[in-house]
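[1] here are the coordinates; sequence isn't available:
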């Protein structure tokens, strides 16, 4: 009787589906499959084959291998009740990157803007909502979409050798061979090469007594290569197996196969013949062709897709209307192709013109008849104008705008306006018509007269964190300060001003573009009354003292600050400021005068840093008393520092010397190279310098590391125990 043994070729690897008898390959007794194929045969295999056993007919006949004609790979497949088409746009992720379908060897992958993502669940986060989060889509995505595997890599590392073994980057990967041991907190995990249906998999055994033969997981192998926590490769793989080989040769999961669907080619076309009725939201496309009852379409701008979709079935019509979300006026390209059938792409350029908007003249206005119900943060404006329904407005203090806005569509000649807190005084309300034409703006003066309340504390300007042509961020201190009035001055003249309602002590203010130069920022309470405070800043220019590379680091005696003065003019000195871990409680630590050389490196030592994170800042003072503040740097001093272990190698003991910022009792644990604790003791740590002798006489020769746990922090030291 004849029988057939089916061979499959996957990822450049030939293997037998039928398992051969088990062979003993190591101390853990892992069985393997026999997959030896003559090299002369293996080199020619690239598809589907049959091996015929002749013994049922004649003992004199030999085995024969015959190639079967392979079916063409599909560009459309079915899986989970859905048809997947190669190149189909599924949607866009939150950052605007497109996600397409990729069909490889009848398997479904994702093409995320040119790369295959490992996280298939990005389908749940498409802007278009193509795959709503529900149980049905859980099963669809998990059962159909493949993550990254060797077939998606840029280079094929897989092959076979003359012994029929799978090779990775030219290195033979013997079936059943142990790769290495991952050392974890709960025990050791042993990792083996396993051939599964012609694919390289990583089989794991969790502990010496794990008898499972089908537990596959490759997530620990790269950490084993890196030697994490004492993990190690077996000797034959050290310096041979790399992370690139792991990612390019081993399959993380069994491939999920889809059912190929026959291609349905359009009889002819579609080819665009005309694009008409063009607006910012729709157009009509006419085309030639037959057998086309629905279209896929894309609109591109400068080669990038900006809109896309598919039409409904339009039967035998040769024109259809396309609708899309608003597009700006400009030049575009329309692309179409068959949706109910496969076709090439036809394209045609088209232009969206600026819409023609006719604005009528204002009737019986505009005018501001009165400003009533005035408070420091609101007012009611009564205006004239028969066809005036939308206007923009400003509130001026002198010639400077302190508030501005634009109304929605009004249904009466009265508008209730809100604005940032205004100090008591006289202001000008300015109205500009928006939905009708008027020769000029109209104005009306009004007065704010409210009871002024002094600020509880501040606001005081701590520093200017950053500044550029259109925005600035500053740090302030204050209590119950809900609004801050700010002014930008140039040579004593206010050139920008407004109000900010801070949500933190580091608000950002925005203003019209400033030219390069030096300026003064002045702030005072807006919702309460306070004394104005100011600080200098520059836009793309150096201030009188210009520093760079301001940084801090932990040293044995505390925290060392350093900075470079690269340019200065009329500078005097620096004040070194420190804030606590909440960036509060400013403290002046000391002063550093400019040297005779003026430019160069400067340092300052904080001998008693605070516990936790310390924030430092330089106050740069000029000879005229004006100042500016630098950026803030953060330093978190370690509890233990300047740690030394000696002698190394050691025989009977090691001396450990270090400096501690706090006193207390600490645990000292010694681990072997496999990460297993072999010794533990307790020491008493004093504030300042410490010296401790640790007995290691009973340890065997080899490499060890010592961990000192103190105050929630751990310090690791390596040493060698001599034989």
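    Nice, thanks for sending it over. On a predicted model such as this, the values are computed, not experimentally measured, just so you know. Numbers count the residues shown, from 1 in each chain.
[2] Quick one: mean pLDDT over whichever helix or strand residue 334 is part of.
    When elements are assigned from DSSP states H and E, residue 334 belongs to strand 330-338. Mean pLDDT, computed over strand 330-338, is 96.
[3] After that strand, which helix or strand is next?
    In N-to-C order, the element after strand 330-338 by DSSP H and E is strand 346-352.
[4] contacting residues around that next one?
    Defining contact as Cβ atoms under 8 Å, 6 or more residues apart in numbering, one finds that strand 346-352 is touched by 269-272, 274-275, 278-280, 283, 285, 287, 327-337. Glycine gets a C-beta too; all of them are placed from N, C-alpha and C.
[5] What is the burial count for the closest residue to residue 256 other than its chain neighbours?
    Spatial nearest neighbour of residue 256, chain neighbours left out: residue 146 (5.3 Å); criterion: Cβ to Cβ, 6 or more residues apart in numbering. Neighbours of residue 146 under the rule other Cβ atoms under 10 Å: 23.
[6] what secondary structure does the residue lying closest to residue 348 once chain neighbours are set aside sit in?
    Nearest non-adjacent residue to residue 348, counting by Cβ to Cβ, 6+ apart: residue 272, 4.2 Å away. At residue 272 the chain is in strand, as set by DSSP: H, G, I helix; E, B strand; the rest coil.
[7] hang on, the earlier thing: same for the strand holding residue 334, what does it pack against?
    strand 268-276, strand 282-290, strand 295-301, strand 346-352 (3 or more Cβ pairs under 8 Å, 6 or more residues apart in numbering; DSSP states H and E).
[8] That strand pairs with which strands, parallel or anti?
    Strand 330-338 sits in its sheet next to strand 295-301 (antiparallel), strand 346-352 (antiparallel), going by DSSP bridges.
[9] out of those strands, which comes closest to residue 489?
    Closest approach to residue 489 among these is made by strand 295-301 (44.1 Å; Cβ to Cβ).
[10] low pLDDT regions in the stretch 101-250 of the chain?
    By pLDDT under 70, the stretch 101-250 of the chain has no low-scoring segment.
[11] at 90 instead, please
    118, 152-155, 162-164, 185-186, 198, 208 (pLDDT under 90).
[12] quick one: average pLDDT of stretch 672-692?
    In this model, stretch 672-692 has an average pLDDT of 85.
[13] Tell me how far residue 599 lies from residue 124.
    To residue 124, residue 599 is 57 Å away according to Cβ to Cβ, to the nearest Å.
[14] Next, name the residue at the spatial heart of this protein.
    Nearest residue to the geometric centre of the chain (Cα atoms, centre = their mean): residue 95, 9.9 Å.
[15] Measure how buried the residue nearest to residue 615 when sequence neighbours are not counted is and give me the count.
    Nearest non-adjacent residue to residue 615, counting by Cβ to Cβ, 6+ apart: residue 579, 4.1 Å away. By other Cβ under 10 Å, the residues close to residue 579 number 21.
[16] In this structure residue 579 contacts residue 632, no?
    Yes: Residue 579 lies in contact with residue 632 (Cβ atoms under 8 Å); the separation is 7.5 Å.
[17] which residues are in contact with both of these two?
    Residues touching both residue 579 and residue 632 (Cβ under 8 Å, 6+ apart) are 615-617.
[18] re earlier: quick check, the residue nearest to the centre of the chain in a helix?
    No: assignment of residue 95 by three-state DSSP gives coil, placing it outside any helix.
[19] quick revisit: identify whichever of the helices and strands packed on strand 330-338 lies nearest to residue 593.
    Smallest distance to residue 593 across the helices and strands packed on strand 330-338 (Cβ to Cβ): 60.0 Å, for strand 295-301.
[20] Just the buried positions in that closest one, please.
    Within strand 295-301, the residues that qualify as buried are 295-300, counting by 16 or more other Cβ atoms under 10 Å.
[21] If we only consider those, which is nearest to residue 387?
    Among these, and counting by Cβ to Cβ, the member closest to residue 387 is residue 299, at 36.9 Å.
[22] tally of neighbours for the nearest residue to that closest one once chain neighbours are set aside?
    Nearest non-adjacent residue to residue 299, counting by Cβ to Cβ, 6+ apart: residue 307, 4.2 Å away. By other Cβ under 10 Å, the residues close to residue 307 number 18.
[23] The helix or strand containing residue 307 vs strand 295-301, what angle?
    Secondary structure assigned from DSSP H and E places residue 307 in strand 304-310. With axes from the mean of the first three to the mean of the last three Cα atoms, to 10 degrees defining the directions, strand 304-310 sits at 160 degrees from strand 295-301.
[24] Which elements pack onto strand 304-310?
    Taking 3+ Cβ pairs under 8 Å, 6+ apart as contact, the helices and strands that strand 304-310 lies on are strand 295-301.
[25] I appreciate the help and will end here.
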